[in-house]
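Participant: Got a predicted structure plus its sequence, pasted below:
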Amino acid sequence: MTSPPRPKAPAHGDEATGGGRANRRPVGLRRVIVGGRQIVTQGIARSVLRDLYHYFMTVSWPQLFATFAAFFLVFDVLFGWLYHLVPGCIANLNPPGFAGAFFFSVETLATVGYGDMHPQTLYGHLVAMVEIFVGVMTLALITGIMFARFSRPRARFLFARHAVVRPIDGKTTLMFRAANARQNVVQEASAKLRMLRNEVSREGFRIRRVIDLPLLRSEHPAFMLGWNLMHVIDAASPLLGQTPESLAQAQAAFVLTISGTDETTGQVLMARADYAAGHIRWNEAFRDILEFAEDGTLYIDYAKFNDIVPLAQADPPAHADK
């Protein structure tokens with residue numbers, strides 16, 4: 001089975017949409033990574049102004065503060081220019097000229113009002129009124145966005161970089177490793193595993209199929225430290241007979257999701273990890289991260305969380321009397 005060809009984004013100067021429309025740049029060109037595979041999309045124009053809430057909720061903290069600062073500076077300059085446009089509308093302007101008008105605009109937009117400078121004409125009062133309204137609305141929006149970002153539940157679940165396929169209880173098993181970085185209790189945690197792969201129907205129709213892979217244990221009453229999630233590759237498994245080469249040819253990807261209720265905040269947490277076919281290590285195992293001290297204390301070394309070892313090094317040798 002051959003994988004579908006990846007669409008190429010038209011280069012600058014090529015026809016983008018047909019109909020003789022040459023020398024047109026692709027609209028909304030974006031690059032995303034899903035399951036370790038790079039995907040290029042186009043045809044949907046991106047408009048930050050039409051989706052400001054999503055932008056403010058997804059942008060990084062430095063970019064968020066830089067955006068707020070840019071808005072603040074633009075409005076200060078705009079209203080400062082309006083004050084400077086009509087000399088004499090601001091009393092006690094200091095320093096004189098545009099600099100004084102700019103600083104008065106800063107005080108008005110922030111609703112500070114030190115009292116030294118103030119509007120003294122009808123024009124000045126009208127401009128100040130509009131600026132105060134803009135300042136109050138901007139402050140309310142910024143407060144709401146900051147509260148939404150801080151109050152949004154965020155899961156700090158760790159997922160091992162690779163998954164492994166190894167025998168457990170005599171059955172070939174696909175295993176993933178997860179952990180709770182906060183090390184608090186996540187109540188009634190549940191996990192789901194799905195595989196995405198390219199298939200061709202009898203009619204030759206190419207489809208990216210989503211296949212559920214049942215887990216040996218898909219629920220955890222108190223997810224706190226670690227969790228090994230296992231799918232048994234038996235006669236009922238869609239992975240039966242698959243090899244690393246066949247999964248790579250079908251561009252298979254695995255999506256593991258974990259959700260649960262944070263005992264501390266009562267909020268529902270969700271996290272997802274994507275694994276490409278190349279992230280599955282066959283006939284290998286996770287390095288053991290558990291160690292018991294002589295006094296019975298259990299130590300967990302998360303520095304080894306992503307380590308993969310051959311099967312011979314993973315399992316302890318059998319006792320002589322067994």
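Facilitator: It's in.

Participant: And the contacts of stretch 278-294?
Facilitator: 36, 160-166, 174-175, 177, 226, 228, 244, 247-248, 254, 298-302, 304-305, 307-311, 313-315 (CB atoms under 8 Å, 6 or more residues apart in numbering). Yep, even glycine has a C-beta here, placed from its N, CA and C like the rest.

Participant: Can you mark which positions in it are buried?
Facilitator: By 16 or more other CB atoms under 10 Å, the buried positions in stretch 278-294 come out as His279, Ile280, Arg281, Glu284, Ala285, Phe286, Arg287, Ile289.

Participant: So what pairs up with the fifth one in the strands?
Facilitator: Meaning Ala285. Beta bridges link Ala285 to Val309 when assigned by DSSP bridges.

Participant: Quick one: residues contacting Asp76.
Facilitator: Contacts of Asp76 (CB under 8 Å, 6+ apart): Phe102, Ser105, Val106, Leu109.

Participant: so where does Leu141 fall, helix or strand?
Facilitator: helix 122-151 (DSSP states H and E).

Participant: residues of that helix that come out buried?
Facilitator: Residues of helix 122-151 classed as buried: Tyr123, Gly124, Val127, Ala128, Glu131, Ile132, Val134, Gly135, Thr138, Ile145 (neighbour count, 16+ other CB under 10 Å).

Participant: Would you quantify the distance from the fourth one to Phe65?
Facilitator: So that's Ala128. Distance from Ala128 to Phe65, counting by CB to CB, to the nearest Å: 27 Å.

Participant: doesn't Thr108 fall inside a strand?
Facilitator: No - applying DSSP: H, G, I helix; E, B strand; the rest coil, one finds Thr108 to be helix, outside a strand.

Participant: Chain neighbours aside, what residue packs nearest to it?
Facilitator: Glu131 (4.8 Å; CB to CB, 6 or more residues apart in numbering).

Participant: ok, that neighbour - contacts?
Facilitator: The contact partners of Glu131, by CB under 8 Å, 6+ apart, come to Phe75, Phe79, Ser105, Thr108, Leu109.

Participant: Repeat the analysis, applying 10 Å as the threshold.
Facilitator: 75-76, 78-80, 82-83, 104-105, 107-111 (CB atoms under 10 Å, 6 or more residues apart in numbering).

Participant: ok, which stretches of the stretch 201-322 of the chain are strands?
Facilitator: 206-213, 219-223, 226-232, 253-262, 268-276, 280-282, 284-286, 290-292, 298-300, 308-310 (DSSP state E, counting those that start in this stretch).

Participant: Centre of the chain to the first one, how far?
Facilitator: Chain-centre distance of strand 206-213: 23 Å, with CA atoms, centre = their mean, to the nearest Å.

Participant: and if you look at the longest one?
Facilitator: Relative to the centre of its chain, strand 253-262 is centred 13 Å away, using CA atoms, centre = their mean.

Participant: Enumerate the positions of it that are buried.
Facilitator: Quick answer for strand 253-262 (16+ other CB under 10 Å): Ala253, Phe254, Val255, Leu256, Ile258, Ser259, Gly260, Thr261, Asp262.

Participant: same question, the second one
Facilitator: Neighbour-count burial for strand 219-223 flags His220, Phe223 (criterion: 16+ other CB under 10 Å).

Participant: Point out where the stretch 1-150 of the chain drops to low pLDDT.
Facilitator: 1-28, 32-37, 43, 45-49 (pLDDT under 70).

Participant: what about the longest strand in the protein?
Facilitator: Ranked by number of residues, the top strand in the chain under DSSP state E is strand 186-200.

Participant: So which bits of that strand are buried?
Facilitator: Quick answer for strand 186-200 (16+ other CB under 10 Å): Val186, Ala189, Ala191, Lys192, Leu193, Met195, Leu196, Arg197, Asn198.

Participant: Leaving out chain neighbours, which residue sits closest to the fifth one?
Facilitator: Across the structure, with CB to CB, 6+ apart as the measure, the residue nearest Leu193 apart from its sequence neighbours is Leu213 (4.4 Å).

Participant: Surely that neighbour and Ser237 touch.
Facilitator: Yes - contact criterion CB atoms under 10 Å: Leu213 and Ser237 qualify, at 7.2 Å.

Participant: quick one: common contacting residues for those two?
Facilitator: Leu174, His231.

Participant: quick revisit: so which of the strands of the stretch 201-322 of the chain is nearest Arg31?
Facilitator: Set against Arg31 and scored by CB to CB, the strands of the stretch 201-322 of the chain come closest in strand 268-276, at 15.4 Å.

Participant: So Leu158: helix, strand or coil?
Facilitator: strand.

Participant: on that earlier part again, could I get the strands of the stretch 201-322 of the chain in a markdown table, plus columns for mean pLDDT and distance to Asp116?
Facilitator: A markdown table is the format used below for the strands of the stretch 201-322 of the chain (pLDDT from 0 to 100; distance: least, CB to CB, whole Å):
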| stretch | mean pLDDT | distance to Asp116 |
| --- | --- | --- |
| strand 206-213 | 92 | 66 |
| strand 219-223 | 92 | 59 |
| strand 226-232 | 94 | 62 |
| strand 253-262 | 94 | 50 |
| strand 268-276 | 93 | 51 |
| strand 280-282 | 93 | 69 |
| strand 284-286 | 93 | 68 |
| strand 290-292 | 84 | 68 |
| strand 298-300 | 86 | 62 |
| strand 308-310 | 90 | 68 |
